[in-house]
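Undergrad: sequence and computational prediction follow.
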Amino acid sequence: MKNQLALLEQLQQIDLQIDRYQSDLDRFPLEVQEIARQLVVLRREISEAKERADVLEKDLRKKEQDLAVEQEKIKRSERRLLGIKNQKEYNALSREVKLGKKVVGELEDLSLASMTELESLKRTTDRKETEYQQFEKSLLEKKAEAEAVMKEATNALVDLISKREEISQAIDRDFLKRYQTVKKVRGNAIAEIRNGICTACHMAIPPQLNIRVLKQEEMIICPTCHRILYVKPENLPEYNKLGA
């Protein structure tokens with residue numbers, strides 16, 4: 001029985017390593033994909049910002065042209081005002097000048113708003129371009145890291161799976177079935193008992209059950225977490241060691 005528990009403990013250590021390496025194999029491709037996805041999003045945002053900037057620049061040039069036209073109209077009207085003697089005509093032209101100045105003011109406000117948005121877009125685009133370069137660098141680094149780790153994980157898994165199969169062959173079928181069932185539910189199938197405490201669920205084991213675990217003559221299940229209980233040789237009481 002002691003040998004069976006020792007084999008189960010070895011099997012769990014191998015399974016923990018397998019799980020860790022498998023986690024790396026699953027994790028790194030997802031991390032690479034996430035960085036690549038962020039690059040696509042940034043590239044699209046940069047493209048949209050530049051397209052918006054192009055539209056604003058064209059619109060700003062049009063406003064500047066319209067502004068120049070209106071300002072020239074006002075200058076002509078103001079020159080004409082100097083030579084008008086008829087009050088009615090003077091009043092009409094004055095209203096025209098006033099209206100033109102209002103249009104000029106609105107165009108200036110719109111132009112200023114466009115210039116402000118353009119400046120904001122430029123800052124945003126510059127920041128996103130910097131982010132894009134950083135993500136590109138991160139992607140290359142992550143790909144290199146993933147390649148190295150996945151190569152190590154793949155090689156290690158070949159060896160670990162071989163060892164697992166060898167140890168599994170030496171374990172009693174009923175014990176192995178129990179181990180696999182608990183592992184599927186709990187992750188870890190066996191738990192060390194220390195000072196009467198299950199180190200997996202941290203619950204106290206009934207004294208009589210604890211004594212049976214220390215004897216190592218049968219498979220004992222934790223009444224709380226249902227893991228297989230075992231004790232390390234160095235933690236056995238002296239009387240158990242003498243009787244072994």
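TA: Looks like it arrived, so ask away.

Undergrad: buried residues, stretch 111-126. List them.
TA: For stretch 111-126, the neighbour count (16 or more other C-beta atoms under 10 Å) marks 111, 114, 118, 121, 125 as buried. Every residue, glycine included, has its C-beta placed from N, CA and C.

Undergrad: restricted to helices, list those residues.
TA: Counting by DSSP state H, these place 111, 114, 118, 121, 125 in helices.

Undergrad: neighbours around Asn210, how many?
TA: Per other C-beta atoms under 10 Å, the neighbour tally for Asn210 reads 19.

Undergrad: how much space between Arg44 and Leu236?
TA: Arg44 sits 65 Å away from Leu236, going by C-beta to C-beta, to the nearest Å.

Undergrad: compare those two and say which is more crowded by neighbours.
TA: Comparing Arg44 with Leu236 by neighbour count (other C-beta under 10 Å), the higher total belongs to Leu236, at 16 against 10.

Undergrad: quick one: the more buried one and Ile211, what's the gap?
TA: 12 Å.

Undergrad: and the helices in the chain?
TA: Counting by DSSP H, the chain has helices at residues 2-83, 87-170, 173-186, 207-215, 238-243.

Undergrad: would you turn those into a markdown table with mean pLDDT and distance to Arg194?
TA: What follows is those, written out as a markdown table (pLDDT from 0 to 100; distance: least, C-beta to C-beta, whole Å):
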| stretch | mean pLDDT | distance to Arg194 |
| --- | --- | --- |
| helix 2-83 | 92 | 14 |
| helix 87-170 | 92 | 24 |
| helix 173-186 | 92 | 18 |
| helix 207-215 | 92 | 10 |
| helix 238-243 | 52 | 14 |
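
Undergrad: okay, those helices in a markdown table with distance to Cys225 next?
TA: Shown next, in a markdown table, are these (distance: least, C-beta to C-beta, whole Å):
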| stretch | distance to Cys225 |
| --- | --- |
| helix 2-83 | 14 |
| helix 87-170 | 23 |
| helix 173-186 | 7 |
| helix 207-215 | 13 |
| helix 238-243 | 24 |
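
Undergrad: minimum distance to Lys232: which of those helices has it?
TA: helix 2-83 (8.3 Å; C-beta to C-beta).

Undergrad: distance between the closest one and the chain's centre?
TA: 15 Å (C-alpha atoms, centre = their mean, to the nearest Å).

Undergrad: and that helix, what does it pack against?
TA: Applying 3 or more C-beta pairs under 8 Å, 6 or more residues apart in numbering; DSSP states H and E, we find helix 2-83 packed against helix 87-170, helix 173-186, strand 190-194, strand 228-230.

Undergrad: just the angle between the longest one and helix 2-83, please?
TA: In this case it means helix 87-170. Interaxial angle of helix 87-170 relative to helix 2-83 (axes from the mean of the first three to the mean of the last three C-alpha atoms, to 10 degrees): 170 degrees.

Undergrad: for the third one, same thing?
TA: What separates the directions of strand 190-194 and helix 2-83 is an angle of 110 degrees, with the same axes, to 10 degrees.

Undergrad: run through who's touching strand 190-194.
TA: 5, 8-9, 12, 179, 182, 198-201, 205, 210, 213-214, 222, 225, 227-232, 235 (C-beta atoms under 8 Å, 6 or more residues apart in numbering).

Undergrad: how does it look with 7 Å?
TA: If you take C-beta atoms under 7 Å, 6 or more residues apart in numbering as the criterion, strand 190-194 is touched by 8-9, 12, 179, 198-200, 205, 210, 213, 222, 225, 227-232, 235.

Undergrad: strand partners of that strand, parallel vs antiparallel please.
TA: strand 197-198 (antiparallel), strand 228-230 (parallel) (DSSP bridges).

Undergrad: could those strands go into a markdown table alongside mean pLDDT?
TA: Below are the strands paired with strand 190-194 laid out as a markdown table (pLDDT from 0 to 100):
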| stretch | mean pLDDT |
| --- | --- |
| strand 197-198 | 94 |
| strand 228-230 | 93 |
